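quick one, structure for this:
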Amino acid sequence: MLWMEPVYMMAKSRAEIMQDFRKRMKEDPERYREYLSQPRNRKSKNYVAAEKLTKKEKEKRSENKMCL
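Numbers count the residues shown, from 1 in each chain. Predicted coordinates for the structure are as follows:
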C-alpha cells in the first residue's frame with residue numbers, strides 16, 4: 001500500500017472570504033438587494049437635517065466636512 005502525505009489547505013485570507021461572501025450574495029437576488037440597501041438605510045437613518053441643528057452644531061459639522 002502506498003503511503004500518502006496529508007494534504008494541508010491554507011486558511012483563506014479576509015479578502016478571499018469576502019470575495020466568496022459577495023459571490024454567494026449575488027446568487028440570491030433578494031438577499032443581494034438587501035445587502036446593497038444596508039449602507040443606504042444606515043445613512044438615511046442617521047442623517048440630521050441642517051435646519052434642526054443649532055448654530056454651533058452647524059459650524060462643527062462644516063468643520064468636519066472640510067477636514068475630509
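
going along the chain, name the helices of this structure.
Along the chain, counting by DSSP state H, helices occupy 14-27, 29-46, 55-67.

middle-most residue in the chain, spatially?
Geometric centre of the chain, nearest residue: P39, 7.0 Å, by Cα atoms, centre = their mean.

for L53, the count of nearby residues, please.
Here the count is done by other Cβ atoms under 10 Å, and L53 has 13 residues near it. (C-beta placed from N, C-alpha, C; glycine too.)

surely it meets Y47?
No: in this structure L53 lies outside contact range of Y47 using Cβ atoms under 8 Å: 11.4 Å.

in the chain, which helix or strand is least confident?
In the chain, no helix or strand scores lower on mean pLDDT, DSSP states H and E than helix 55-67, which sits at a mean of 82.

does anything pack onto it? Which helices or strands?
Helices and strands touching helix 55-67, by 3 or more Cβ pairs under 8 Å, 6 or more residues apart in numbering; DSSP states H and E: there are none.

low-confidence ranges, this protein, go.
Scanning the chain for pLDDT under 70 picks out 1-2, 67-68.

that older thread, can you lay out the helices of the chain as CSV showing distance to Y8?
Compiled in CSV, the helices of the chain are given as follows (distance: least, Cβ to Cβ, whole Å):
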stretch, distance to Y8
helix 14-27, 16
helix 29-46, 33
helix 55-67, 48
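
so which of these is nearest M4?
Nearest of the helices of the chain to M4, taken as Cβ to Cβ: helix 14-27 at 26.5 Å.

run the angle between the closest one and helix 29-46 for me.
Using axes from the mean of the first three to the mean of the last three Cα atoms, to 10 degrees, the inter-axis angle of helix 14-27 relative to helix 29-46 is 110 degrees.

could you dump helix 14-27 to PDB, C-alpha only?
Extracted in PDB, the C-alpha atoms of helix 14-27 (Å, rounded to 0.1, in the frame of the first residue of the first chain):
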ATOM      1  CA  ARG A  14     -10.000  38.100   4.700                       C
ATOM      2  CA  ALA A  15     -10.100  39.200   1.000                       C
ATOM      3  CA  GLU A  16     -10.900  35.700  -0.200                       C
ATOM      4  CA  ILE A  17     -13.600  35.200   2.500                       C
ATOM      5  CA  MET A  18     -15.300  38.500   1.500                       C
ATOM      6  CA  GLN A  19     -15.000  37.600  -2.200                       C
ATOM      7  CA  ASP A  20     -16.800  34.300  -1.600                       C
ATOM      8  CA  PHE A  21     -19.400  36.100   0.500                       C
ATOM      9  CA  ARG A  22     -20.100  38.600  -2.200                       C
ATOM     10  CA  LYS A  23     -20.400  35.800  -4.800                       C
ATOM     11  CA  ARG A  24     -22.900  34.000  -2.600                       C
ATOM     12  CA  MET A  25     -24.900  37.200  -2.100                       C
ATOM     13  CA  LYS A  26     -25.100  37.800  -5.900                       C
ATOM     14  CA  GLU A  27     -26.500  34.400  -6.500                       C
END
